[in-house]
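> Any chance you can model this:
(chains A and B)
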Amino acid sequence: MSILGSLDWNDIFIVPFFTDPSLSTGIAAGAGGIVVLGALAVMVLLTVKGWWKPLWSNWITTLDHKKIGVIYIVLALIMLIRGVLEAVVMRAQQVSPAPGFLSVEHHAELFSTHGTIMIFFVAMPFLTGVINVVMPLQIGARDMEFPFMNAVSLWLSIGGAALVMASLVVGHFETGGWTAYPPYTGIKLSPNEGVDYWIWSLGLTSVGSTLSGINFLVTIYKQRAPGMKLFDMSIFAWATLCTAILMIFAMMPLTVASLMLALDRQAGFHFFTATQGGNMMNFANMFWLFGHPEVYILILPAFGVFSEVIPTFSGKKIYGYTSLVWATIAIAVLSFTVWVHHFFTMGQTAHLNAIFGIATMTIGVPTGVKVFNWMLTMWRGKLRFSTAMLFSTGFIFTFVIGGITGVMLANPTIDFATHNSLFLVAHFHNMLIPGLLFGMFAAVNYWFPLCFGFRLDEKWGRRSFWLWMIGFYGAFMPLYAIGLMGAPRRMAFFTEPAYFPWLVIAMLGALCVLAGLTAQIIQVWVSVKNRESLMVPAGDPWDGRGIEWSLGCPVPEYDFSTIPAMTSREPWVDAKEAGKRVMDPTEFVDIHLPKPTGMPFLVGLVATLFAFAMIFQMWLIAAVGFVAMWVLVLIRSYDTDWEETVTAEELREGYEAHKRVVESTPQIRLDDEFTTKNRGLIMETQV
Amino acid sequence: MSNTGAAHAASHDHGHHDKTGTVIFGFWIFLMSDLIAFSLMIANYADAEWHGIANGPSPHELFSLGLPTIETMALLISTFTFGICTLGMKYGASMKRTVGWLILTLALGAIFLGIELYEFHEFWTEGNTPQVSGFLTAYYSLVGLHGLHVTSGIIWGILLMVQMKTFGMNDLIKSRLVRLGLFWHMLDIVWIALFTKVYLMGVL
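As a prediction, the model looks like this:
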C-alpha cells in the first residue's frame, strides 16, 4: 500500500486528454486548467499587491461575525459562478445533436457537481453568511455566542468547497446525482473516488453547518439585547432561529448516511447492499430526513429577508407580525413530516403515500399566509423599487408558480407520472432560485452598506434583476412543458425532436441567467470603483426599520457602542418618529472582543487534508490529519488570553464620532435615495 | 427565557454575560444533535435485526446477557461516581477528591470498554465480522459508535485532569468538567436504550 493511496497519474486533470483526446476530455482539462490558473492568478495578484499580510490579519484570522459572513458570501458567489457555468454547458449539451459533445460520464459528473455545489456550497454558505452579518446586529448582540467555533464552521465549509474544486484537477467527482443513492454509489458500480469526494466534502461542510446551527440558536437565546422578548425579534431573526433548529436536527442524518456509505465502500460493510442484508431504502430515508428539512433551511432565511426588505421599501411595518412568526414555526415543524414524498414511487403502501402527500400539501398553508402578509404589507404602501425590492416582488409571484407545481407533485398519483422528469427539475429550480437566490441577492443589495459603508450600484443591480428574472423563466418554463411530455431528468442527450425547440429556449434562458450573473459582477466592480459617491457614513440609507440601521456604515467591529434599550418591537422607528437621528446611548462599559487567531483556519486546513486523504485512501496521512485536528483544538483549549478589551472611553468616542457624522449629514428626501445625494440617514419626513 | 433581570445585570458586568451557563447550554444543544445520530443508528439496527440476517447469525444466536450485564453495571456505577464528582466540585470538595472520583469514573468506563472490545473480539474470531450481514454491520456500528463516544470521553477526562493540574480548579475547568459530565450521563442513557434494544430484546 503506497503512502499516496489510490492516487495515480491518471487522476491528474490533463492526463486523460492526452491518453484519450476528445472534446469531452478537453472540456474537463480546460475546467481543471481554469481552477489551477485561477488559483495561480490569485496568488500572483496577492503577491504583487502585497496583500498576503492584510488578507491574513484582516480576514483569515478574523473572528468578527460580519467579516466571517462576508467570506461565506464570497465563497457562495465563487461557487455560484461555477454552478451556473456547469448549467450552461449542460444546456448546450442538450441542444447539440445526439450524443452531444460530452461523454455520458462527464455529463453525469456535471449534474452531480451542479446539484451538490448549488445546495451545499452556494445556498448554504450564502444564507449562513447573511445570517452571520445581520442576525447579531438585529438582536443587539456584539458577536456570535461562540466566535471561535463560528470561524471553524467557516473554514470547514471552505474546505468542503475546496475538495469539490480539487475534483476538477485531481480525480473525478461522483456521477450519481447530488443525492448519491446506493447501490449505484456502492463500490461495485462506482469504484473510483468520485463518491468519496461527495462523502467527504459534504462531511466537512455538514459538520460546519451543524456547529453554525448551534451557534445561531444559542446566540438568539442568550444574546438578545436586554428587554427583547422572542416576540420582539425581527422576522429575519425568527427565520434564523427556525433555520438553526433545522440545521441542528437535519444535518446529522446526512452525516450519518454518508459515513455509512463510506463504511460500505471502504470497509465492506452492508448497510445498503441488498444481497447481504443491507437496505438501500434506509439511505433514502436518512438522506431525505436531512434533505427535506434542508429545503426549508434554504428557504426560511430568504423568507426572513423578504420580511425585512418589503416593509422597508413599502414604508410600512410588516403586516401580521404574529401570524408570520407562527407560519415560520409551522413550516419548520412540518418540514420534518414530509420526507417520504421524495420517494413516492419506491414501493411503500398507498396509505403511506397518501399521508405524506397530505402532509406535504399542508405546508402550502403557512407559506400562503406569508405570501398574503407580504402582499398586505405592500398594500397602500409607498413602494420604491430598489434592486432588493425588485428581487423580493419578483420572488413573490414566481415562487407562487413553484408552489402550485409543488402541490401538484405532492399528489402521489401525479407524482407517479412526473417523478424523475424535467417537470420536477423545473419545480425545484422554481422554488430555489426565487426562494433562495433572489432572497440572498436582495439581502446583499439591502445590507451591503453595513459591511462596506457604501451602497451597491442600482443601475447594474436592476439590470441583473431583469436578466435573472427573464433568464429564470426562459430556462425553466420550457422544462415544465417537456417534463409533462415525458422528458426525463439527467439524460445525457435527447433524440426526441419535439423537445428541441423547448431546449433551445431553455438554453437561451440559461445564457440570460449567465448574463444576469455577469451583471452582478459588473455591479460590484462599478460600485467599488464609485464607492466615494456611494458612501453612506451616516447609516440607514433606505429609511430602514431594524436596529441594525441605527448604526453607522460600515458598522464598527464592536457593533454597538452601547447595547440598545429595547422598548418596543421597532425601537429605531420609534426613535426616528421622535425626531432622533441617533439612538440614545445606554451605559458605556468596557467590553471584550475575541482576538484574531489563525487556529480555525489551521483546523480547517488539517481537516481538509484529512478528508482528501480519506478520499484517496491515504490512511497514514488521514490518521495524522485527524489527530492533528484534535491536537489543534487541544492547544486552543490552553489559550486563556483570547479576549481584548475595548474601553468605555473608546466606545464613547465611537458614539460621539458617529453622532457628529450624522449631525453633519444633510437630511434628504426619500425620492433621492438612489442618487449620490444619499449619504445615509434618509427620512420619510420631508425637508 | 428570563432575560430581563439576571441577563441585564450580567451584560453590564463589563460586557461579560454568564459564559459558563451559555457554553453548557450550547453543549446541551450539541448533545441533542448527537442523539439524532444514535436514534438513526438504532432505527437502522431495528430494521437490520429483522431483515438483515442474510447468511449470518441472528441476534438470538449471537448474544447472551452475562457480559453485557456486567458492562451495564460498570457504566451505571460510573455515571453515579461522576455525579458525586461534580456534586463534590459544586460544594467545594478538594481537588484531590474531585480527581479521585473522576479517575474512578474513567476506570469504570475503561472496564465497560474493555468488556465491549472483548465481546467484539469473540464475535470476530468466530467469523462474525461486520462484513457478514446487514445485521452484523448494524450491530458493530451502533455499539461501536457508543464505544467510540466512551473512548472520547475517557481521553477527554484524562486531558482534563492534566488541565486541572495546570490551571487549578478555575471556572473554565469547572465548566469543562460539567460538560464532560453531561456527555457521560447522556452516554449512559443511550446505553440503556442500546442494552434494551440490542441485548435484552435480542435474546428474547
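> C-alpha only now, for contacts and for neighbours.
Fine.
> Stretch A:235-242 close to chain B?
No. Counting by CA under 8 Å from any CA of the partner chain, chain B has no neighbours in stretch A:235-242; the shortest distance is 13.2 Å.
> Average pLDDT for that stretch, rounded please.
Per-region confidence: stretch A:235-242 scores 98 on mean pLDDT.
> Which residue is the nearest non-sequential neighbour of the residue in chain B that chain A sits nearest to?
Proximity to chain A, evaluated over chain B using CA to the nearest CA, is greatest for residue B:52 at 3.7 Å. If the residues on either side of it in the chain are set aside, residue B:52 comes closest to residue A:277, at 3.7 Å by CA to CA, 6 or more residues apart in numbering or on different chains.
> Is it correct that the one you found is in contact with residue B:130?
No. Residue A:277 lies out of contact with residue B:130 (CA atoms under 8 Å); the separation is 11.3 Å.
> Show me how far the helix or strand hosting residue B:149 is from its chain's centre.
When secondary structure is defined by DSSP states H and E, residue B:149 falls within helix B:134-167. With CA atoms, centre = their mean, to the nearest Å as the basis, the distance from the averaged C-alpha position of helix B:134-167 to the chain average is 7 Å.
> in that helix, what's buried?
B:134-144, B:146-147, B:150-151, B:153-154, B:156-158, B:160-161, B:164 (16 or more other CA atoms under 10 Å in any protein chain shown).
> got it, and stretch A:187-198?
Going by neighbour count (16+ other CA under 10 Å), the buried part of stretch A:187-198 is A:187, A:190, A:192-198.
> Which pLDDT does the model give the residue of chain B closest to chain A?
For residue B:52, the model assigns a pLDDT of 94.
> chain center to stretch A:445-455, what's the gap?
18 Å.
> Now do it, average pLDDT.
Regarding stretch A:445-455, the rounded mean pLDDT is 97.
> Kindly report the same for stretch A:104-111.
Taken as a whole, stretch A:104-111 has an average pLDDT of 95.
> How about stretch A:353-370?
In this model, stretch A:353-370 has an average pLDDT of 96.
> Send me it as CSV with only the CA atoms.
Once non-C-alpha atoms are left out, stretch A:353-370 reads as follows in CSV (Å, rounded to 0.1, in the frame of the first residue of the first chain):
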residue,chain,number,x,y,z
ASN,A,353,-48.1,7.9,0.3
ALA,A,354,-51.5,9.5,0.9
ILE,A,355,-50.5,10.5,4.4
PHE,A,356,-47.2,12.1,3.2
GLY,A,357,-49.0,13.7,0.3
ILE,A,358,-51.4,15.4,2.6
ALA,A,359,-48.7,16.4,5.0
THR,A,360,-46.8,17.9,2.1
MET,A,361,-49.7,19.9,0.8
THR,A,362,-50.2,21.3,4.4
ILE,A,363,-47.0,23.2,4.1
GLY,A,364,-48.7,25.3,1.4
VAL,A,365,-51.0,26.8,4.1
PRO,A,366,-48.4,28.7,6.3
THR,A,367,-46.5,29.6,3.1
GLY,A,368,-49.7,31.1,1.7
VAL,A,369,-50.1,33.0,5.0
LYS,A,370,-46.7,34.5,4.4
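> Residues in contact with that stretch: which ones?
A:323-324, A:327-328, A:330-331, A:334-335, A:337-341, A:344, A:403, A:407, A:410-412 (CA atoms under 8 Å, 6 or more residues apart in numbering or on different chains).
> What is the subsequent helix or strand relative to the worst-scoring helix or strand of chain B on mean pLDDT?
Each helix and strand of chain B was given a mean pLDDT (mean pLDDT, DSSP states H and E); the minimum falls on helix B:5-11 at a mean of 39. Later in the chain than helix B:5-11, the nearest helix or strand by DSSP H and E is helix B:19-51.
> Against which helices or strands is that following helix packed?
Under the contact definition 3 or more CA pairs under 8 Å, 6 or more residues apart in numbering or on different chains; DSSP states H and E, helix B:19-51 sits against helix A:194-222, helix A:235-267, helix B:134-167, helix B:171-194.
> got the phi/psi numbers for the residue in the stretch 451-600 of chain A that chain B sits nearest to?
Minimum separation of the stretch 451-600 of chain A from chain B (CA to the nearest CA) falls at residue A:591, amounting to 4.6 Å. Backbone torsions for residue A:591, taken as degrees, to the nearest 10, come to phi -130, psi 170.
> Model confidence score at it, please.
With respect to pLDDT, residue A:591 scores 94.
> Specify the beta-bridge partners of it.
Assessed by DSSP bridges, residue A:591 has beta-bridge partners residue A:646.
> That one against residue A:643, yeah?
No. Residue A:591 is beyond contact range of residue A:643, at 9.5 Å (criterion: CA under 8 Å).
> that older thread, from the buried residues of helix B:134-167, which are also near chain A?
With CA under 8 Å from any CA as the criterion, the buried residues of helix B:134-167 include B:134-135, B:137-138 near chain A.
> could the residues you listed go into TSV alongside pLDDT and distance to residue A:618?
Formatted as TSV, those follow (pLDDT from 0 to 100; distance: CA to CA, whole Å):
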residue	pLDDT	distance to residue A:618
B:134	96	27
B:135	97	29
B:137	97	24
B:138	97	26
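> Can you tell me which of those is nearest residue A:653?
Distance ranking of those against residue A:653, using CA to CA, places residue B:138 first at 62.3 Å.
> what residues are up against that closest one?
Residue B:138 makes contact with A:271, B:41, B:44-45, B:48, B:130, according to CA under 8 Å, 6+ apart.
> Out of these, who's the most crowded?
In terms of neighbour count, residue A:271 stands highest of the contacts of residue B:138 at 33 neighbours, by other CA atoms under 10 Å in any protein chain shown.
> Mind checking what secondary structure that one has?
Classification of residue A:271 by DSSP: H, G, I helix; E, B strand; the rest coil places it in coil.
> Residue B:42 touches residue B:142, doesn't it?
Yes. Residue B:42 is in contact with residue B:142 according to CA under 8 Å; the separation is 6.7 Å.
> check contacts around the residue nearest to residue B:52.
Per CA under 8 Å, 6+ apart, neighbours of residue A:277: A:270-271, B:48, B:51-54, B:133-135.
> Save those as CSV, and put in distance to residue A:149 too.
Rendered in CSV, the data for the contacts of residue A:277 read as follows (distance: CA to CA, whole Å):
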residue, distance to residue A:149
A:270, 35
A:271, 32
B:48, 37
B:51, 41
B:52, 40
B:53, 42
B:54, 44
B:133, 39
B:134, 37
B:135, 37
